[in-house]
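A.B. asks: My questions concern the predicted model and sequence given below.
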Amino acid sequence: MVNPLEEIRTLIESKSWNADWIGVRSLTESAKHFSIRNGNPENTSCKISTGFFVEALVDGQFAYQSLPSPCVSDIRTAIERTVQAARTIAPYSCFKASVKTRPVAKGTYNTPIREPFATMTASEIFSQLKEAATILKGSAEIINAQASLSMVKSEMHLLSSSGSDLAQNFDLITTDLSATASRRGTTQTRSLNGHRGRSYQMGLEAFESQLLFDLAKRIRTEALELVSAPECPSGHFPLVLAPDQMMLQIHESIGHPLEIDRILGDELNFAGSSFVNLEDFGTMQYGSKLLNVTFDPSLPHEFASYAYDDTGFKAEKVELIRNGVLISGIGGLESQERSGIPAVACARASSWTRPCIDRMANINLEPGDSSLESILANIEFGVYMESNNSWSIDDFRRKFQFGCEYGRLIEKGKLTQVIRNPGYRGVTLDFWSKLDSVGDRSTFEVFGTPHCGKGEPNQLIRVGHASPVCRFDGIEVFGGGG
Amino acid sequence: MQYQTDSNDFEARFRLAFEIVKKLVPKGIDFYIYFTAELSRFSRFNLGRIRQSGLVTDQSLQIVITDGQRSIITTVTLPRGENDLFEILSSLVASTCADLPSIPIDPFIVSPSGTQETRELISGSAPTSELEQAQLCEKLAKLPLTGQFIGGLIVRAAATSTGAFHWFESDSFAFRYTLSHTTDKLTQSTYAGAHWEWDQLDNLLAKSEESLRLLGSTKRRLKAGNYRCYLCPSASASLVGMLGHGALSESSIRRGESMFPAEVDKRIQLSQKLSIIQDFSGTHSPRFNHYGELAPSNLVVINDGHLENTLISTRTGLEYRIEPNGATDSESLANINVKPGSLKEDEILKSLDTGIYITNLHYLNWSNRNASRITGMTRFGALWADKGEFVGPIEDLRFDDSLNLLLGHKLIELTTFRDTFLNMATYDGRSTGGAITPGLLIDDVRFPL
């Protein structure tokens, strides 16, 4: 049987095409989903998506065509049409891209895994989910208990007229548990680090049974605590955030504002712009001196680790914020040519039907040197929050509001009473300036989400966020009444 | 057996796929299939110039195979090459049937039962060719414009082993754009429909430039507090649209995940001026769901403020032993149609008196679902009005208030006129559906930031 990629390589190399550059990016994703809700299976599914993204650069303008066909004749027609399309619209380019925005890349990346997905049968997976769901349901007051597992194998291959031959293969796994408790008209839901927060690049070692069962027991217990807990108090307090809430804080108020294509106005019509301007890099005091944030595609098992971005740019760890000062942005090679801001390998597409745009990959807040005990120690009265369940921020990434599933009071340096419906709001730069303690490596946890949305047409992409526990001084906190 | 189709003929491919699956699925096993396809032009603009442009062909088939006690959902991209179709589908059906016995028994399996056939074709003429896109570029080249043009064919189809067959095809376009006075004084407009007319675009662009001039002065900063507000139809579509995200789902209500409690007697009455129906008469989306079932052409959801019908899928109906009403599995509102009120356009400012005139809302989310609280931001040129006169733009504000109150006793009036909005989400392919909403005059809206 003929290998379609070999045929495509031969096709691309067969003639000049009258273009500055031609690329074909193939993507095959196989996703399996297993779920048990209240003891019964729900939406057992398998999804296989396969297609080709053909791109041409002519006179500084890219054009593309996506098609679900490996037929060489279809790819040939797509290349010819794309070259013609780029030539037709080139007089109206927003900017003139050079071939340097598509570097030559040769290599392979594979997710390091210990237990391949095939090592468990569907029956075994369901058996484990059922047991977790039974633990979650272990009280008459639990009205909804859900356990699910999603596994995705993603295989990308990039071939180009300049000689790129890049294959990246990802194994991606998400486990989800949730329990909803109801008592005397009050309903509360507790989950595993927020919806789909436990998303990693690894094999079935992420689905280890005893860990899953221990977590299920904790989630059930905490759901039941929440329905009889008092509301979070309202006021300005010291606020301590767990890593699974720091994930959203970093994502919305650092990751997105630093995307260079957003700063250049590409997202003005949809996802919004940024309060950051190009001249702020190197000078803006983004947060307190304790704030150190990196773009890190190299952390093993973090959700968005990779060797190259989708244009073929080699991926490396880059400091974004050092000691509170804004150093670098999140922009790929096209953004570098447009803005002059040095690129990071962040240009990615969510599927074979979409072009690359600047995307967060893994954006991490680096650990400090404070233990959890020392973070809590000098707090007379404050609030601790875990697990995001609500997020909203303005289109310039300033005014935000977040809600969490679970909170506890901090009284005289100790975590005490459980509180429900904890939330907080603030303005980005002011908030980060109030970061006054950063946890050490013992508090550092890694999370991810498959649902970062942006772009026109829209794209949902996978991102990772790792963070220690962090403390902020004097934040506006509120409970269920707002 | 020869399986040959014209490569751009979605319907022929769907029918062929159905015949293949029907031949391959063993006797005693039921199935239903759902087809999603598009042939779309996407062009993205920044500073009135082309940023990215491309053509997307996508076609995927969802196959649900069930033996009455177990089911598996499989979705696969259909290749354009016809020779691969049989190979892919036979491998898929075989592996799914082999895996079925290993799936736990599901007491709420939905087995196909329909036999109806429907067909809905909406023709259109969108400027999707490269030359037409160049013509669009000529028009936009000198404007401070960021935007996206989407145009082309959207297809949905469903067929079942019991004989149901449904086809929906829409050739449409949507051009949503933002004009900017400076980086933070923006106004957004949308030109959408089936038949593109360059004159209509010219008129809309002129109107947008006029709206932009209103934002010319320095932005005023308002203190946190409660304000009377007028929400333009585009803003009210966002607000009312929150009801479509889980609030009206019967399953969400039963699980305690909705602003409406499961106990009917504990539900708060919304404003008597508010009536909402799920309405398929505008044909922005197919009436059939993945099971091949047809929803009623219109379903009264809220009637004079009272929650009259929730959205109930067949699966939910089985779980809770209630009558379903053709909802999809997600039980979300397909087409929102809000009844108009009595507030005339030339009376809006006078009725607003002193308060905020809101053109758009941004990033709405539930801040406390069970308490019906939502939060979000103003966006794209909110204006301050004083004693019925525009004063100028304001810095964007965050609201956080109860939807029960905003659509309840705080709702003063709805406008006589309405606008139509197509769903322009393209996360998982182009969406169908839309909303027809009036403007809303709402008192005492809480803005904490």
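C.D. replies: Alright, I've got the coordinates.
A.B. asks: any chance you could map the helices in chain B?
C.D. replies: Listed in chain order, the helices of chain B (DSSP state H) span B:10-24, B:83-99, B:130-140, B:198-214, B:233-241, B:250-254, B:314-320, B:348-352, B:403-406.
A.B. asks: export the last one as PDB, just CAs?
C.D. replies: Below are the C-alpha coordinates for helix B:403-406, written out as PDB (Å, rounded to 0.1, in the frame of the first residue of the first chain):
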ATOM      1  CA  LEU B 403     -30.500  36.700  35.800                       C
ATOM      2  CA  ASN B 404     -33.700  36.000  37.600                       C
ATOM      3  CA  LEU B 405     -33.800  39.700  38.500                       C
ATOM      4  CA  LEU B 406     -32.400  41.100  35.200                       C
END
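A.B. asks: Check whether that helix comes near chain A.
C.D. replies: No: if you take C-beta under 8 Å from any C-beta of the partner chain as the test, helix B:403-406 misses chain A, and the best it gets is 11.4 Å. Yep, even glycine has a C-beta here, placed from its N, CA and C like the rest.
A.B. asks: which residues touch that helix?
C.D. replies: B:239, B:242-243, B:247, B:259, B:268, B:270, B:372-374, B:442, B:445 (C-beta atoms under 8 Å, 6 or more residues apart in numbering or on different chains).
A.B. asks: Buried ones among these?
C.D. replies: B:239, B:242-243, B:247, B:259, B:268, B:270, B:372-374, B:442, B:445 (16 or more other C-beta atoms under 10 Å in any protein chain shown).
A.B. asks: Would you reformat those residues as CSV and include distance to A:Phe313?
C.D. replies: Shown next, in CSV, are these (distance: C-beta to C-beta, whole Å):
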residue, distance to A:Phe313
B:Leu239, 42
B:Met242, 40
B:Leu243, 44
B:Ala247, 44
B:Met259, 46
B:Ile268, 54
B:Leu270, 53
B:Ser372, 47
B:Arg373, 43
B:Ile374, 40
B:Ile442, 49
B:Val445, 46
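A.B. asks: tell me the least confident of those residues?
C.D. replies: Note: of the buried ones among the contacts of helix B:403-406, the lowest pLDDT belongs to B:Ile268, at 81.
A.B. asks: From chain A, how far off is that one?
C.D. replies: 13 Å (C-beta to the nearest C-beta, to the nearest Å).
A.B. asks: Out of the buried ones among the contacts of helix B:403-406, which is nearest to chain A?
C.D. replies: Closest to chain A out of the buried ones among the contacts of helix B:403-406 is B:Arg373 (5.8 Å), distances taken as C-beta to the nearest C-beta.
A.B. asks: My read is that the closest one contacts B:Leu364, right?
C.D. replies: No: checked against C-beta atoms under 8 Å, the pair B:Arg373 and B:Leu364 is beyond contact range at 11.2 Å.
A.B. asks: Overlap in contacts, the two.
C.D. replies: With C-beta under 8 Å, 6+ apart, B:Arg373 and B:Leu364 have no common neighbours.
A.B. asks: State the pLDDT value of residue 402.
C.D. replies: As the question left the chain open, I've gone with chain A. 97.
A.B. asks: Switch to chain B, please.
C.D. replies: pLDDT, B:Ser402: 95.
A.B. asks: B:Arg369 is in contact with that one, correct?
C.D. replies: No: with contacts counted by C-beta under 8 Å, B:Ser402 stays clear of B:Arg369, the gap being 11.2 Å.
A.B. asks: More neighbours: which of the two?
C.D. replies: Neighbours per residue, other C-beta atoms under 10 Å in any protein chain shown: of B:Ser402 and B:Arg369, the larger number sits with B:Arg369, 23 against 20.
A.B. asks: quick one: which of the contacts of helix B:403-406 sit in strands?
C.D. replies: Mapping the contacts of helix B:403-406 onto strands (DSSP state E) picks out B:373-374, B:442, B:445.
A.B. asks: wait, which of those residues is closest to B:Thr183?
C.D. replies: Nearest to B:Thr183 among those: B:Val445, at 26.8 Å, using C-beta to C-beta.
A.B. asks: What segments of the stretch 251-400 of chain A are strands?
C.D. replies: Along the stretch 251-400 of chain A, the stretches classed as strands by DSSP state E, counting those that start in this stretch are A:293-295, A:318-322, A:325-326, A:347-348, A:357-358, A:363-365, A:381-393, A:399-411.
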